[in-house]
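1. below: sequence and its predicted model.
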There are 4 protein chains.
Amino acid sequence: MASRKIGLWLVGAHGGVATTVAVGLSALRQGLIKPTGLVSETPAFADLPFAGWERWVLGGHEIRQTTAVASAHDLARTSRAFSEQLVDKCRPDLEQLDSRVRPGVVRNVGNTIRKLMSPGFAREAGSARELITLLQADWDEFVAQQELEQVVVVNLASTEPPVAKESLPRDVESLLSSLETTECPLPASSLYAIAAIERGHPFVNFTPSLGSDLPAIDELARQRGSAHVGRDGKTGETFLKSVLAPAFAARNLEVMSWVGHNIFGNLDGVVLNDPVNKATKVASKDKLLGEILGYAPQTLVSIEYIQSLGDWKTAWDHIHFRGFLETPMMMQFTWQGCDSILAAPLVLDLARFAELAARRGASGTLDFLASFFKSPQGSPTHHFFEQFAQLQRWAAELRTNG
Amino acid sequence: MASRKIGLWLVGAHGGVATTVAVGLSALRQGLIKPTGLVSETPAFADLPFAGWERWVLGGHEIRQTTAVASAHDLARTSRAFSEQLVDKCRPDLEQLDSRVRPGVVRNVGNTIRKLMSPGFAREAGSARELITLLQADWDEFVAQQELEQVVVVNLASTEPPVAKESLPRDVESLLSSLETTECPLPASSLYAIAAIERGHPFVNFTPSLGSDLPAIDELARQRGSAHVGRDGKTGETFLKSVLAPAFAARNLEVMSWVGHNIFGNLDGVVLNDPVNKATKVASKDKLLGEILGYAPQTLVSIEYIQSLGDWKTAWDHIHFRGFLETPMMMQFTWQGCDSILAAPLVLDLARFAELAARRGASGTLDFLASFFKSPQGSPTHHFFEQFAQLQRWAAELRTNG
Amino acid sequence: MASRKIGLWLVGAHGGVATTVAVGLSALRQGLIKPTGLVSETPAFADLPFAGWERWVLGGHEIRQTTAVASAHDLARTSRAFSEQLVDKCRPDLEQLDSRVRPGVVRNVGNTIRKLMSPGFAREAGSARELITLLQADWDEFVAQQELEQVVVVNLASTEPPVAKESLPRDVESLLSSLETTECPLPASSLYAIAAIERGHPFVNFTPSLGSDLPAIDELARQRGSAHVGRDGKTGETFLKSVLAPAFAARNLEVMSWVGHNIFGNLDGVVLNDPVNKATKVASKDKLLGEILGYAPQTLVSIEYIQSLGDWKTAWDHIHFRGFLETPMMMQFTWQGCDSILAAPLVLDLARFAELAARRGASGTLDFLASFFKSPQGSPTHHFFEQFAQLQRWAAELRTNG
Amino acid sequence: MASRKIGLWLVGAHGGVATTVAVGLSALRQGLIKPTGLVSETPAFADLPFAGWERWVLGGHEIRQTTAVASAHDLARTSRAFSEQLVDKCRPDLEQLDSRVRPGVVRNVGNTIRKLMSPGFAREAGSARELITLLQADWDEFVAQQELEQVVVVNLASTEPPVAKESLPRDVESLLSSLETTECPLPASSLYAIAAIERGHPFVNFTPSLGSDLPAIDELARQRGSAHVGRDGKTGETFLKSVLAPAFAARNLEVMSWVGHNIFGNLDGVVLNDPVNKATKVASKDKLLGEILGYAPQTLVSIEYIQSLGDWKTAWDHIHFRGFLETPMMMQFTWQGCDSILAAPLVLDLARFAELAARRGASGTLDFLASFFKSPQGSPTHHFFEQFAQLQRWAAELRTNG
């Protein structure tokens, strides 16, 4: 008997990352590309019983009225992220995705994101619970129509403003009762998380937004036997920080200051140009250094919107450190990466790892996925290779225990 | 009863690295500096029963007639590596070192190194065995005069030209008999290695020269119960390669090309400007990428002498890689480090680790020290954090088994 | 008959730039250094009848109680800007300067600068006119005691917050009457300018503060036959912008965005970390691109205080431009300069050029000095080589007309 | 009466630069692009009576059997220099060019270039004079078929090895007689030059090859009333050197060393990877610094072939300079440019300027075009803005005198 299909539900279905996920999944299925950039396809993990690419079906939520084909051509033209020929070859799959995109929900996302909404398109009225019910109905329909075995929900929507911790529910009971109100302080990302967890769909938060990163939501997940993980995909500058900072620590080189300036020009950039939304992101990029080094060097992280760069992000990092005899030295790096191209394969990897873990009965925080995140839920370390060893140990155990 | 002293014998005693070792050891003993840059002083290892800095006594071989004080002032003035005030405070210790420097041996070192010799100062006449006997006599005198418990010999001399492998002895027997001839193809660095191994002194080769990196010499070391390790201290650009390349591999980012240009202006630079000597170095800096990545990207390594830089080395690395959908991206870094300042603490670390290992009975290649070397003897991996984990496992075992 | 001495009065006498001016002038007089960094000593100008270094005498105003010797040792130790040996050789001259430093005036300088004041040391009470009178008395005493032929006043004090243009006097009459009040909106830098202009001392504003950059003050200068110029010495990143942007324009390469991030750690950095004071600086660094290119690319300038850098400033500039067929390309540069070392020789140059111009009867704005300034008073262009040609034409005319 | 057409004859007609010239000219004519990158279209020159783009007709010589369409698609696909859509729109014009490409001549071009030849395609037999006659016949046919008013010949072929100066003819007479022999030491580029000059066609040498850069050839040009100029288009790193070095000189900052590493992956790179051909190029990139600065800093220029870069060139320059008080400082830049995109508009500009000058009666070296060349024939200066001022003066005179 052939295996049943698996859904990959993209929140923010027409953003750059989701569009690249859709183009990439189509290209993989058609054998048009090598699996470059996919962790699950490296020798370290390729033997695991992942669901094959041909089994994955895409759907998603979105708050802007546009199409995957239009987004893909825009990425090809504006940013030269991939060729327009490739988009043409993937067009049927992209059109299929378009037919399965539903209006997203908007709640506590700040004005800048609200301005991106196509008027009257997104859902925002009612209590949090009412919004959650709408989301779950979309997924139920998706499962029924596509005869799916499982749905993995991945949040790729724009970064929300930070939420005041004191205002948030502290246990499952107050969490659930707060959902009944229209004043519920939870942002949209957390409503998606709760909706998925209640339905038993693994939830992955690839953004810096709150999502499932709340003890009460984790408790709910454990109660329901659902898996979740996040937050903020570690793709570029922060990935390098988590690789390099441990090297400075290992050699007892004292980092005096670490400055990181990031410039980029995609929709994320527009949203992050709002200081309120940017605060969430900068915090996520900045805090790991102290944890890794064991002391707090002076740090500075900037993220600025430079339109001409399109989907390309350039980071410049300046690391001023002291060596033997207290002599100051310097390392600088620039990283010129295409944001969606870096993020999309990790989204596909996370979907595969989360689906496999859920299939084997995992619930609660999938902490073995820490190496994929800037602010890994459930992980005690930001050291990339320690996180990666965690992933390898999980794979080894899975091989042993089936 | 107070512990006896331990000798640290520096081959190339008045070069930049050795001079910085001498200044640094003196400053550590006087409490003038923090232990920045010393791996043995990090929380991961600081509890091990290393010999304290106050127990170490310096001596060395050198082929140029100069003094430690002059070398130190030159480093301070030309390169601003440390301040002249610090040199003044360390002057008594540096003068002590000068009184224990003996003429080095010169054999198969190439013309550029020969040109650096002070005329009539170095020893080069006779068979290899006769030169070895002279070295051993110097150490016997050092041990007797200073009442030493142990001597660690560290090679810091200029890089020799590569040696044709076919010409080298293949077993201990032919090794020992070749020493009796004047045509013995072994370079000076290997004579130092054999001399130390025969006397039971741990031998560390911090340079790219051959040293003890020959099966026949390793066999000799195991026969005599002596410890040795090398080669080529991993201080800057190659250190970063061994940190970053595994990160590209972990993320399945395909490195298409990795270009590294190095410019610096110290004595090493003069020697490496000779293409014959440079060949040894470039090979040592270049080969690790293929091993780590599992395929061979196009690589280019240059090392050029730029006088104005003095002891400062600037590396520029340009990494061109392909991500998802075969999109090309780029990372570049510059590393501006002071060569002697980076190397000297590792020499002190290696002396401590080697002495401790020998004290606990280690013999043959000290492969757990791989993280310190560009071309680690006895190590299957160039991945820095795997090498570092090896060092941590050795420490853990030592704690357990005493 | 021997020529009489000339005074160089430094406002901000114990800051990094002034201290380096003092060390440098002393070193030049003693023949300890080559004239590197001095424009007036290049073949293009060296034949002009400048006042020789031996004729210059230093004095200054300062709001912090410290000494030139302490400042110089601090620069040597913290920033390795020059050696402590050099400071020792210049000590007598630095002590002479200390004996001629008087308490500065503080007026409309913002809180951050006020916090730097040694309590009770600076002068701030009374009307603007009363403060001006105190300044003039200091200079009269300086002239009398040192038997000076001329005094050039150079403002090197910390950057003041911007001043609202509407509030400022529009002609000489209202300027002079506003000085009688305590509510006079002019900042300290303008009081120094007016005081100097009224006494006929050439005034140079090396900072982004307002100084003499007001039509009413320029009118006063022309009435009194006094010379003045400013503002904001062009030493590093902006200097490079004024060199590179014309090259992009000449080749019809379209600059889409120009991002400049500046990090540094001196006292200026502390002051500029206050957003109010920073606004003045950023405006001065940013506006030239539009003027040079003839259109307005997206620009971003940041200046951030990173303590570990001391007096060293690192700028990273990222220039994204479009070439033929609208293909985007990139230039990036880093500039690692020591702020005081870059600025001090230009201060000495400006003093020399201003003194010579005044001696030859110049009055009003010395617009031929535009190449020295980020916001050149009286100059129609920011193109460095056009500004430099202006300076060369002035020199040619001076040679012709005497 | 409508103006007659003008020929632009490209030697190396299917190389990257020539292909981009063809695509660009077609796109300009169709109004598909803005004139970015074209000097002749800036406000400084746009009013000159240049021949409009619609009047230019392309032809060329080539030694490889390929087509302009294939080359253009290759540039689009491998290097993302421009889009494949654009190539499709220009296809008719490219096919027209293909119909006018004739087999090139090969003589003294070195083995690496010879290996690029399609077997049996290029012409190499006979005396130099016989080869010249073949070239002239091609042009005569071109003029007749297209009814051309003028033909500008531009050399874009691969860089030849350097030619020993002693072996070259010293006057017109010996030049002409040497052409009759098969041993004539002149390389192909000079045969093209002589052929063009004899026919009165302006000749532009955009490569580092010898071309017309010989007193005897210049004399011939003046005798025949023909115009010529070269050599080596100044597009990227050297352009920046000629902009930045004068800035260091103007500020009396002493350049101690200037290191430039260039990596790129196009056909030029293959040819320049041959050390013999590279020598010609490196000399052309290196010598300007001494001329501009007035002293000789240590310099290093490398050019290396890195296949993955395709037509993109990355230069990394490291400038180590001394400022006031002899403090060392640093500037570094990277330049990421697409070689053909940078070069092609300058080829079009040079064709226009040369045609206009010839139309107004210019003969001999067109030294006012120095700003376009790394090794400008007839120019006393390498200072970019002085060269540019020369161009502006020529334009002013042309406006005045018609």
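-> Alright, I've got the coordinates. Numbering: from 1, shown residues only, chains lettered A, B, ... in the order given.

2. residue numbers of the stretch 251-400 of chain A in contact with chain D?
-> Within the stretch 251-400 of chain A, the positions near chain D by Cβ under 8 Å from any Cβ of the partner chain are residue A:334. (C-beta placed from N, C-alpha, C; glycine too.)

3. okay, stretch A:59-77 in CSV with CA atoms only?
-> The C-alpha trace of stretch A:59-77 is given here as CSV (Å, rounded to 0.1, in the frame of the first residue of the first chain):
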residue,chain,number,x,y,z
GLY,A,59,-1.2,24.8,1.7
GLY,A,60,-1.1,28.0,3.7
HIS,A,61,-2.5,31.1,5.3
GLU,A,62,-1.8,34.6,4.0
ILE,A,63,-3.0,38.1,4.7
ARG,A,64,-2.1,39.7,1.4
GLN,A,65,-4.0,38.9,-1.8
THR,A,66,-1.4,37.8,-4.3
THR,A,67,-0.2,34.5,-5.9
ALA,A,68,2.7,32.2,-5.5
VAL,A,69,3.5,32.6,-9.2
ALA,A,70,3.6,36.4,-8.9
SER,A,71,5.8,36.2,-5.7
ALA,A,72,8.2,33.7,-7.4
HIS,A,73,8.6,35.9,-10.5
ASP,A,74,9.2,38.9,-8.3
LEU,A,75,11.9,37.1,-6.4
ALA,A,76,13.5,36.0,-9.6
ARG,A,77,13.4,39.4,-11.2
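
4. buried stuff in it?
-> By neighbour count, and taking 16 or more other Cβ atoms under 10 Å in any protein chain shown as the criterion, the buried residues in stretch A:59-77 are A:59-64, A:66-69, A:71-76.

5. and the stretch 151-300 of chain A, which of its residues are near chain C?
-> A:256, A:257, A:259, A:261, A:263, A:298, A:300.

6. what's the distance between the closest residue to the fifth one other than its chain neighbours and residue D:338?
-> Which is residue A:263. Residue nearest to residue A:263 in three dimensions, not counting chain neighbours: residue A:306, with 4.4 Å by Cβ to Cβ, 6 or more residues apart in numbering or on different chains. Per Cβ to Cβ, to the nearest Å, residue A:306 is found 20 Å from residue D:338.

7. tell me which element the nearest residue to residue A:368 once chain neighbours are set aside falls in.
-> Of all residues not flanking residue A:368 in the chain, residue A:394 sits nearest, at 3.9 Å (Cβ to Cβ, 6+ apart). Using DSSP states H and E, residue A:394 sits in helix A:384-401.

8. contacts for that helix?
-> When contacts are defined by Cβ atoms under 8 Å, 6 or more residues apart in numbering or on different chains, helix A:384-401 is touched by residues A:44-45, A:47-48, A:234, A:239, A:242-243, A:246, A:356, A:360, A:367-371, A:376, A:379, A:381, B:246-247, B:250, B:385.

9. next, the angle from that helix to helix B:384-401.
-> Taking axes from the mean of the first three to the mean of the last three Cα atoms, to 10 degrees, helix A:384-401 and helix B:384-401 form an angle of 70 degrees between their directions.

10. around chain B, pick out the residues from the stretch 51-200 of chain A.
-> A:81, A:82, A:86.

11. and the contacts of stretch A:26-36?
-> A:24, A:41, A:53-54, A:86, A:89-90, A:93-94, A:345, B:252-254, B:322-326.

12. just the buried residues from those residues, in ChimeraX please.
-> Command for ChimeraX that selects the buried part of the contacts of stretch A:26-36, burial taken from 16+ other Cβ under 10 Å:
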select /A:24,41,53,86,90,93,94,345 /B:252,253,254,322,323,324,325,326
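
13. can you tell me the SS state at the closest residue to chain D within the stretch 151-300 of chain A?
-> Closest to chain D within the stretch 151-300 of chain A is residue A:263: 15.0 Å, counting by Cβ to the nearest Cβ. In three-state terms, and counting by DSSP: H, G, I helix; E, B strand; the rest coil, residue A:263 is strand.

14. that one: neighbour count?
-> Residue A:263 has 23 neighbouring residues, counting by other Cβ atoms under 10 Å in any protein chain shown.

15. isn't it up against residue A:307?
-> No - at 10.1 Å, residue A:263 does not count as touching residue A:307 under the criterion of Cβ atoms under 8 Å.

16. common neighbours of the two, please.
-> residue C:257.

17. which residue comes closest to the closest residue to chain D within chain A once chain neighbours are left out?
-> Of all residues in chain A, the one sitting closest to chain D is residue A:80 (5.5 Å; Cβ to the nearest Cβ). Using Cβ to Cβ, 6+ apart and skipping residues adjacent in sequence, the residue nearest residue A:80 is residue D:80, 5.5 Å away.

18. what about that neighbour, how many residues nearby?
-> Neighbours of residue D:80 (other Cβ under 10 Å): 18.

19. please apply the same query to the one 5 residues further on.
-> Taking other Cβ under 10 Å as the criterion, the count of residues near residue D:85 is 13.

20. ramachandran coordinates for the closest residue to chain C within the stretch 51-200 of chain A?
-> Of all residues in the stretch 51-200 of chain A, residue A:80 sits closest to chain C, at 8.3 Å by Cβ to the nearest Cβ. Residue A:80 adopts backbone torsions of phi 50, psi 40, taken as degrees, to the nearest 10.

21. tell me the pLDDT of it.
-> For residue A:80, the model assigns a pLDDT of 86.

22. now swap in residue A:277 and tell me
-> If you check residue A:277, the pLDDT there is 69.

23. what's the answer for the one 10 residues further on, then?
-> The per-residue pLDDT reported for residue A:287 equals 80.

24. repeat that for residue A:117.
-> Per the predicted model, pLDDT is 84 at residue A:117.

25. ok, residue A:168 next?
-> 93.

26. cool, residue A:268 as well?
-> The model's pLDDT for residue A:268 equals 73.

27. my read: it touches residue A:313, true?
-> No - with contacts counted by Cβ under 8 Å, residue A:268 stays clear of residue A:313, the gap being 9.0 Å.

28. under the pLDDT cut-off, which ranges of chain A? List them.
-> A:1-2, A:277, A:280-281, A:283-286, A:402 (pLDDT under 70).
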